[in-house]
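1. When you get a sec, could you give me coordinates for this:
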Amino acid sequence: MDLLRSLPIGLYIEQPVTWLHRLDPRVKLAWLLSFLVAPLLASPLWRLMLVGLLIGLTLVAAIPPRVWRQQMGLLLSLSILVLLITAVMPDGLATSSQPRLPADELAFAQQPNLSVAKPARRSWSDFKFWSGDQEASASSSDLSNLPQPTDYRYILFKQGPITVTRRSLELGIRTSTVLFTLIYSTNLYLLTTAPEEITTGLERLMQPLRRFNWPITEIILTLTLSLRFLPLVLEEIQNLIRSVRTRAINWKKLGIRGAIKVWFMLADRLLANLFLRAEQIASAMQVRGFTSPNQHQVQWNPLRLRLGDWIALSALALFWGGRLWLGNIE
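-> Here you go, the predicted structure:
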């Protein structure tokens with residue numbers, strides 16, 4: 001089990017360098033925020049189009065299938081499962097709630113007892129019994145069997161206890177597409193953007209906050225170190241899992257208390273190793289002279305908008321135009 005390759009957290013592909021890698025991180029961040037915001041108050045068709053757009057970007061960018069095949073497969077399976085579960089569940093529109101007690105109990109108790117008049121029985125000698133009243137009642141009962149003017153149906157599928165309505169299907173599409181869009185758009189951004197590029201782009205975008213005496217450089221340095229620290233955390237977890245496997249622990253013989261004691265020991269060891277790694281990183285930075293982030297700034301990437309970036313921004317404008325034109329809820 002290789003956690004560094006199976007989990008998308010902190011994963012960045014250095015080779016091959018695709019056209020998504022060459023885009024400015026600020027442009028990619030604008031696209032990421034658009035993917036996160038565009039599903040809000042959008043129609044189900046637009047949400048499905050977003051899912052198709054993300055899959056199409058992955059294929060067009062020529063990212064190796066070994067990277068995204070397992071992650072996309074698991075995420076699509078989870079989204080389809082959420083769609084099926086939500087579609088067959090009750091949509092909530094058929095429920096009726098009624099208060100147990102009247103709103104004004106005193107006024108309700110003082111009302112006179114009104115008896116409901118029973119309808120009079122019709123005799124065979126009644127003239128109206130043989131007139132058109134009976135035909136009117138019969139015709140009113142047959143109104144439900146008349147053909148509908150349109151093919152609209154609220155219940156789309158009904159077979160035994162399984163009922164799929166328009167409302168439940170719409171809720172399923174919304175939930176599943178939002179789940180896929182939020183996770184996979186972020187994953188695609190991390191796959192094609194280095195942590196240093198992310199922090200540099202954020203620092204450029206946060207420059208106006210310096211007027212309010214915000215420590216922008218310290219915040220960006222902390223974010224850079226945290227992004228670089230995530231693979232170390234996964235590596236330590238992987239090493240602990242391998243050490244437990246090599247010892248061939250018999251969990252059944254340990255029992256519940258013994259298993260809990262072992263897991264607490266592993267958690268303590270994991271925290272100790274992580275603190276040791278953090279101390280080593282701090283010592284390495286002090287030796288290299290990183291005593292103040294304002295005095296020791298390293299420019300990882302010179303950010304400049306090229307032709308591809310302007311094309312991506314133009315496509316982003318078309319994206320939001322389509323969202324405002326086609327993506328609104330009818």
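2. Can you pull the poorly scored residue ranges out of the chain?
-> Regions of the chain meeting the criterion pLDDT under 70 cover residues 1-10, 92-148, 291-301, 329-330.
3. got the buried residues for the helix ranked longest in it?
-> In the chain, assigned by DSSP state H, the helix with the most residues is helix 251-287. For helix 251-287, a neighbour-count test (16 or more other CB atoms under 10 Å) marks residue 273 as buried. (Glycine included, C-beta is placed from N, CA and C.)
4. Tell me which residue lies nearest the centroid of the protein.
-> residue 179 (2.7 Å; CA atoms, centre = their mean).
5. check which helix or strand covers that one.
-> helix 166-192 (DSSP states H and E).
6. Who are the packing partners of the helix or strand that comes right after that helix?
-> Per DSSP H and E, the first helix or strand lying C-terminal to helix 166-192 is helix 195-205. Applying 3 or more CB pairs under 8 Å, 6 or more residues apart in numbering; DSSP states H and E, one finds that helix 195-205 contacts helix 25-37, helix 216-247.
7. ok and helix 195-205 relative to helix 25-37, angle-wise?
-> 90 degrees (axes from the mean of the first three to the mean of the last three CA atoms, to 10 degrees).
8. any idea of the angle helix 195-205 forms with helix 166-192?
-> Orientation of helix 195-205 against helix 166-192 (the same axes, to 10 degrees) gives an angle of 100 degrees.
9. what are the ranges of the strands in the stretch 51-200 of the chain?
-> Assigned by DSSP state E, counting those that start in this stretch, the strands in the stretch 51-200 of the chain fall at 155-159, 162-165.
10. Residue 79: neighbour count?
-> 22 (other CB atoms under 10 Å).
11. contacting residues for it?
-> Counting by CB atoms under 8 Å, 6 or more residues apart in numbering, residue 79 touches 176-177, 179-180.
12. Report the spatially nearest residue to it, omitting neighbours in sequence.
-> residue 176 (4.1 Å; CB to CB, 6 or more residues apart in numbering).
13. Surely that neighbour and residue 87 touch.
-> No - with contact defined as CB atoms under 8 Å, residue 176 does not reach residue 87; the gap is 9.3 Å.
14. quick revisit: TSV for the helices and strands packed on helix 195-205, including distance to residue 75?
-> Below are those laid out as TSV (distance: least, CB to CB, whole Å):
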stretch	distance to residue 75
helix 25-37	14
helix 216-247	19
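15. and those as TSV, adding distance to residue 324 and mean neighbour count?
-> Shown next, in TSV, are those (distance: least, CB to CB, whole Å; neighbours: other CB atoms under 10 Å):
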stretch	distance to residue 324	mean neighbour count
helix 25-37	12	18
helix 216-247	33	15
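16. Of these, which is nearest residue 59?
-> Ranking the helices and strands packed on helix 195-205 by proximity to residue 59 (CB to CB) places helix 25-37 first, at 16.5 Å.
17. For the closest one, which helices and strands make contact with it?
-> Partner elements for helix 25-37 (3+ CB pairs under 8 Å, 6+ apart): helix 166-192, helix 195-205, helix 307-326.
18. about what we covered before: how many degrees apart are the longest helix of the chain and helix 216-247 in direction?
-> Computed by the same axes, to 10 degrees, the angle between helix 251-287 and helix 216-247 is 150 degrees.
19. Tell me how far helix 251-287 lies from the chain's centre.
-> 32 Å (CA atoms, centre = their mean, to the nearest Å).
20. closest to residue 325 out of the helices and strands packed on helix 195-205?
-> Taking these one by one with CB to CB, helix 25-37 is closest: 15.1 Å.
21. what about the residue nearest to residue 79, how many residues close to it?
-> Applying other CB under 10 Å, we find 24 residues neighbouring residue 176.
22. ok, it to residue 11 distance?
-> For residue 176, the distance to residue 11 equals 24 Å [CB to CB, to the nearest Å].
23. Then residue 199?
-> Remark: distance between residue 199 and residue 11 (CB to CB) = 17 Å.
24. What residues does residue 39 make contact with?
-> By CB under 8 Å, 6+ apart, the contact set of residue 39 is 46-47, 50, 174, 177-178, 181.
25. helix/strand/coil for it?
-> Recorded secondary structure, residue 39: coil (DSSP: H, G, I helix; E, B strand; the rest coil).
26. what's the spacing between the closest residue to residue 233 other than its chain neighbours and residue 20?
-> Distances taken as CB to CB, 6+ apart put residue 274 closest to residue 233, at 6.4 Å, once the chain neighbours are dropped. Plainly put, residue 274 is 32 Å away from residue 20 if you go by CB to CB.
27. Likewise for residue 265?
-> Counting by CB to CB, the gap from residue 265 to residue 20 is 43 Å.
28. that older thread, just the buried ones from the contacts of residue 39, in PyMOL syntax?
-> In PyMOL, selecting the buried portion of the contacts of residue 39, with burial taken from 16+ other CB under 10 Å, looks like this:
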select buried, resi 46+47+50+174+177+178+181
